[in-house]
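**Student:** sequence first, predicted model second:
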Amino acid sequence: MKILLGTFHKDVDYYIVQEDGVISIEIDPENVYTPNYAFVKSRDLIIGSDDPVRTGEGVFDFRYGPVTSGVGEAGIYHLYTYGERILSVDVDLSYKHRNISKRIIGLDFKSALKMVEKVCGNFTFSHSLAFTRAVESANGINVDSKSEKLRTTALELERIYNHLYVIYQLAQAAAQKVLTSHMSYLFEESLRMNKNFSGSRYLKGFNDIGGIKNFDERRFENLKSDLQRITSEFGELYKGVLESGNFLDRLYSTAVLNSSEAINIGITGPTLRATGIKEDLRLNDPKYKNLKIPTKNEGDSLARMEVRAEEIFESQRVILDQIESSDENNETGYEKGFGYCESPSGTVAYRVDVKDSKISDIYIVTPSFFAFKGIANALRGNIFTDFQFAVESFGMNFADGAL
Amino acid sequence: MIWWPTRGLKRSLTEKTFQPSKEKVRTMKIFKRSMHICTIDVGNSNLLNFEIKALQSAQYNTHRFGIYFSDSPRHADLLIVLGTPTEKMITPLMNTIAQMPEPFGILIVEEDDEMDLDLPNVVGRLKNPEPSDILSTLLKIMERN
Amino acid sequence: MMAYIALGLYFAGIVFAFKKEISYTLSAIGSVFALTEGIIGTFYPFTLGKVEILPKVYMELGMNHTSGVFMTIAAISWIAISIYSIDYGKFYPKDMALWLNLSVFGMMIIFMAKDGLTFITGWEMMTISSYLLILKHKGSFKEAFEFLAFGELSTVSLIVAFASLFLKNGNFSFAQNSGTVIFLIMSTFAFIVKMGIFPFHTWLIGAHAKAPSNVSALLSAPLTLMGVYGIFMALSLMPNLHLYNFEWWGILAIAFGSTSAFWGALHAVAAKQLKTLPAYSTIENNGMILAAIGISISVTSSGDPNLAIMSAFASVTTILIAISHTLSKSLLFLSVGHAKEALDEDNIDDLRGVWSAVGKIPALGILISGLSFSAFPPLVGFVGEWMLLESFFQSYKFSDTLARLVTTFGSVFIALAIGMAAFSMVKLVGYSALGYDHGKKARHIPSTMMRISELFLVILVFGFGIFVTFVLRYLGYSQFTSGLLGVPSPFLMISSVPIFGVVSPAFFAIVTAVLFIFPLAFYLKRRQKVRRVDSWNGGLPIEEGEYFSAPAYSAILEIVLKKVYMTKEKILENKANIDIVDFISVFYDALKYTVLKVEKVLSNVLMNGNVNAYVAYIFAVLVVIFLIVR
């Protein structure tokens, strides 16, 4: 099945389509009229549920945001309800809109990379990786295999801390005090591990166009021990999580999104995998060997959490594998000016046009933009107290969605 | 089978040592025993939000200093402004400041961009801080170091 | 003498109906005389006159202690309603004054009736004129007819009851020891239908909600009080209840009463319409009254002399709740009606901001009556509900297992009802009286008399609560007043002798007032420095569509108690709402449907317009008559 992720116009309309772990840019494919075409095309900053219900006796707009701790970011959820039951949702991203894709045009690569890293703080590396790949392919730069190895490691590190964060937030929403404290501990430890490895807690400034230079090999040793400590502790906690009935009850059957709906929206990443679809950009990446992709069929918050938890262990295995592996050159073919990677929450893709070593045009695909549509649809029929579990389990954020 | 209370009691995760802050801040002695903090995201890249979440982690254990995070500016003594305001967030930011009970302070935490808004009662400015920096700055504001 | 003046003034009111103000004023003055008469009757029972119609069949007027007490209570309500109607009646045609006077006239006759015939006369006057009063509101035909149907149902059972009385005694007189079992059963049925006890409450909802507000107050407070008085009257004809082994009557009353209280409170919570909520609250209060009577009768008929004090307490509880209900409900309907008329809205949600849009006195009226129904000390509602719970707490003294079991479950229902009553009143008061202003401008209506009437009742709701011990003494129950621990006698109310539970609303009021002085002084001193900001709503000012709606307030209960409410969450063409059903009305609807169906079938089969068939009927009738006569 093809997932339409973006569309841009250059003489003719181009479509960015993901299928079986590969993203391609197509011209006039048969699926022009996929259900999310209008949504992708307009890129409206107010994302609403399908078939909205906004009127009726006693129906009102429960506005959540822009300054509320439950949302945490500068964005608004308009929850339409007649009390307790969420009838439909409008997500307003415009409060976080920083106009990045306009501001980036005309910048040189270095400053553009800095700007890209500011799109979303917790997906910093995914964005910088997709962007550098795009610029490299546009300029025909080849990256040495050591840099590729470091990039793969960093991407998995980002996945680990983001997934830990999601489970930390879910535990907090369910008022699981002990689990929350321990998850927060692991989250902070994983950020420190990032700093030991890359010099930045959020892997900022680690990546560079053309490859990562000046990396001290000894950092791998620290990374190995840190990583093993964190994942083994998490493994112990996760065993407890799976036995904790009153925690799982809050997640089970909350905000269900089935696979066809998810594909129609354009959702990728763990959210899609939690609906039973085995779709991952890492599948076709030669750097990943014997990658196991965890999937779940339920499509609820619990399934999303389980997928994320299992991905933490898999990422640990991948990183250890990378550390042990010998350097070998792999050809990875990206189309000219196009680069992408699997961020913790789904596909991040960049398409750039280059002119005189400057960015002359850019198109950014972010996973959160689609995840908000998924939330808006999945929340329908749930009640207020499910809200936090639904929202946190998607692992999206306004910064990523609004650009 | 994990019995959560025993697990909670078994390990102490709090870190005892931390660096005193070198930032220049205006101190507010009235909050020495307890300070309630409200944070507002005005358009940062989510990185600062993550740092605030990290500050609430077990390692820092801010509660031992009487530092609590409140959900409403009406219950807060200190407002932490995270990032540089986007166009639409200026009004909510001003509304939030209007809700703060006297006396209050504002701590500006920003990324690379500078904020050029004129806010009242600014007690300090931090740039790309780590949680430990934020904590030590807060303690300095409280005159606890 | 006073009674004749009162009746005469009501009659004059009927005559002067062409001039509305005069008619209502006459009714108000008449009610003052009725009040005086009630007070006199309480202490000095008297008879007025006897008219012999047929041998042994005569009509007699008089007054005794019980009827005096009830007439006093009702007369207060009449006064308030009459004064209120001077202004409110301007929105309605002249004959409203006529029927209002006639209705009150009928009620007064009921109180003064000394025999069945007079009683029924008054009863019918009241029922018919109330029916015509309900009709004064446009589009209320269906509800008015339902009211009439149930009213006549109770009249018919009353007729049966009095017939049994006649069969036993050979006259209709309400003399001591004249009751029979059939009389008690049938009259009780008639009266609980009038009180709107579950499952005979559906008429009350429609009628109260649709009627003009002064009529709603009249229907809800004095009219249902007639039911209570009727039960007292019927029971007074059956002294020495323990000889008849009448415990089952008490147990049934507790069961029906507590169920009714629970059901009324439950549906009051979910009510969306402005006057449906108080209507269900009426059912709840009348259920409480019936339950209290039930306890009193259970105790009396057990014949245990040690429990006499408990019986007395339960019966004074009944009167206190009746007082509380009459005052508070009149106040509630009058103030809600005032606000409703000024803002011209029907739903709780649309009536926001009464305080700022309509005025402080109607808002205060809604607030105080709401607090009274929420059992907020020291208001009269608190006193009534405290006494009811105390009566239930003492049920451990029962020796009978069944009685114990029923009172235990009954008290659970009553406790739930009291809790949910507070919930529903918060909904009503919070949204209408104290809610955010919609910015809607109220119509300018003449309201001086309305305000006077509301204020009068507000003061009484406070007064009867704070000085409840004097009310108890007035009613002749001074054994329940005392002094203890620095509270001087008789400011303390006790629930049994030896002391079981105590409360002193007066001292609560004093202590609260004293404690309130300091914050008030502090506030007044600092008022100049207070910084005013919008309410906090996530950094943006709250907009019209973002107010938490009244149906949403109770939605959680409707969703959780899906089975009880028969909740249906409907989404139709981008519109959504929650529908709830009172399942008793489903039963009545089915009954109505069946009757209509049968009627249709019959009319098709029997009265099909075929001449031959009609000739055949006539012939058949002739044959039957011939056979009988022969």
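**Tutor:** Noted; the coordinates are in hand.

**Student:** now the strands for the chain?
**Tutor:** Using chain A here. Ranges of strands in chain A, per DSSP state E, are A:3-10, A:12-19, A:22-27, A:46-48, A:60-64, A:76-81, A:86-92, A:338-343, A:346-355, A:358-365.

**Student:** try again with chain C
**Tutor:** C:46-54, C:57-63, C:481-484, C:487-494, C:502-503, C:568-572, C:575-579.

**Student:** name the nearest residue to C:M186, sequence neighbours excluded.
**Tutor:** Distances taken as CB to CB, 6 or more residues apart in numbering or on different chains put C:A161 closest to C:M186, at 3.8 Å, once the chain neighbours are dropped. Glycine gets a C-beta too; all of them are placed from N, C-alpha and C.

**Student:** pLDDT score for the residue positioned nearest the centre of chain A?
**Tutor:** Central residue of chain A (CA atoms, centre = their mean): A:S345, 2.3 Å from the mean position. What the model reports for A:S345 is a pLDDT of 89.

**Student:** how about B:I52?
**Tutor:** 91.

**Student:** my guess is it meets B:L82, correct?
**Tutor:** Yes - the pair B:I52 and B:L82 passes the contact test of CB atoms under 8 Å, sitting 6.9 Å apart.

**Student:** need the residues touching each of these two.
**Tutor:** B:T39 (CB atoms under 8 Å, 6 or more residues apart in numbering or on different chains).

**Student:** who has more neighbours, these two?
**Tutor:** B:L82 (25 against 18; other CB atoms under 10 Å in any protein chain shown).

**Student:** not counting its neighbours along the chain, what's nearest the more buried one?
**Tutor:** B:L48 (4.1 Å).

**Student:** determine which of the strands of chain A approaches B:D41 most closely.
**Tutor:** With CB to CB as the criterion, B:D41 lies closest to strand A:76-81 of these, at 12.4 Å.

**Student:** so where do the strands sit in chain B?
**Tutor:** So, for chain B - with DSSP E - the strands run B:35-41, B:67-69, B:78-82, B:105-110, B:122-127.

**Student:** for C:F189, which non-adjacent residue is closest in space?
**Tutor:** Closest to C:F189 by CB to CB, 6+ apart is C:S157, at 4.9 Å.

**Student:** tell me the contacts of that neighbour?
**Tutor:** By CB under 8 Å, 6+ apart, the contact set of C:S157 is C:186-187, C:189-190, C:193.

**Student:** and these, which is closest to A:A154?
**Tutor:** C:V193 (80.2 Å).

**Student:** gap between that closest one and chain A?
**Tutor:** In this view, C:V193 and chain A are 32 Å apart by CB to the nearest CB, to the nearest Å.

**Student:** doesn't C:F147 make contact with that residue?
**Tutor:** No - in this structure, C:V193 is not within contact of C:F147 by CB under 8 Å, at 11.0 Å.

**Student:** between these two, which has more neighbouring residues?
**Tutor:** C:F147 (26 against 21).

**Student:** what's the closest non-adjacent residue to the more buried one?
**Tutor:** C:A207 (4.1 Å).

**Student:** ok, A:V256 next?
**Tutor:** For A:V256, the closest residue by CB to CB, 6+ apart turns out to be A:D300, at 4.8 Å.

**Student:** since we're on the one you found, how many residues are nearby?
**Tutor:** 24.

**Student:** how about the contacts made by it?
**Tutor:** Contacts of A:D300 (CB under 8 Å, 6+ apart): A:251-257, A:274.

**Student:** count of residues packed around A:I27?
**Tutor:** 10.

**Student:** repeat for A:Y77
**Tutor:** For A:Y77, using other CB under 10 Å, the count is 23.

**Student:** just A:D20 next, same as before
**Tutor:** 11.

**Student:** ok, now the one 3 residues further on?
**Tutor:** By the measure other CB under 10 Å, the count of residues near A:I23 is 24.

**Student:** now C:A521
**Tutor:** Applying other CB under 10 Å, we find 10 residues neighbouring C:A521.

**Student:** quick one: it from chain B, how far?
**Tutor:** Applying CB to the nearest CB to C:A521 and chain B gives a distance of 22 Å.

**Student:** deepest of the strands of chain B, which one?
**Tutor:** Most buried of those, by mean neighbour count (mean count of other CB atoms under 10 Å in any protein chain shown): strand B:78-82, with a mean of 25.

**Student:** okay, the angle between that one and strand B:122-127?
**Tutor:** Angle, strand B:78-82 to strand B:122-127, by axes from the mean of the first three to the mean of the last three CA atoms, to 10 degrees: 30 degrees.

**Student:** export strand B:78-82 as PDB, just CAs?
**Tutor:** Taking Å, rounded to 0.1, in the frame of the first residue of the first chain, the C-alpha atoms of strand B:78-82 are listed here in PDB:
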ATOM      1  CA  LEU B  78       8.000  32.400  39.000                       C
ATOM      2  CA  LEU B  79       7.200  32.200  35.300                       C
ATOM      3  CA  ILE B  80       9.700  30.500  33.100                       C
ATOM      4  CA  VAL B  81       9.300  31.700  29.500                       C
ATOM      5  CA  LEU B  82      10.700  29.100  27.200                       C
END
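
**Student:** packing partners for the helix or strand bottoming out on mean pLDDT in chain B?
**Tutor:** One helix or strand of chain B scores below all others by mean pLDDT, DSSP states H and E: helix B:4-10, with a mean of 79. Applying 3 or more CB pairs under 8 Å, 6 or more residues apart in numbering or on different chains; DSSP states H and E, one finds that helix B:4-10 contacts helix A:177-198.

**Student:** point out the other helices and strands that the helix it packs on packs with.
**Tutor:** Secondary elements touching helix A:177-198 (3+ CB pairs under 8 Å, 6+ apart): helix A:145-173, helix A:219-243, helix B:4-10, helix B:47-55.

**Student:** how many other residues sit next to A:A175?
**Tutor:** With other CB under 10 Å as criterion, A:A175 counts 11.

**Student:** now it: phi and psi?
**Tutor:** When quoted as degrees, to the nearest 10, the phi and psi of A:A175 stand at phi 60, psi 40.

**Student:** what residues does the stretch 1-150 of chain A have near chain C?
**Tutor:** A:51-68, A:76, A:81-85, A:87 (CB under 8 Å from any CB of the partner chain).

**Student:** can you rerun that using 7 Å?
**Tutor:** Within the stretch 1-150 of chain A, the positions adjacent to chain C are A:52-61, A:63-68, A:81-85, A:87 by CB under 7 Å from any CB of the partner chain.

**Student:** pLDDT-wise, which helix or strand of chain C ranks last?
**Tutor:** Using mean pLDDT, DSSP H and E, helix C:241-244 stands out as the lowest-scoring helix or strand of chain C, at a mean of 62.
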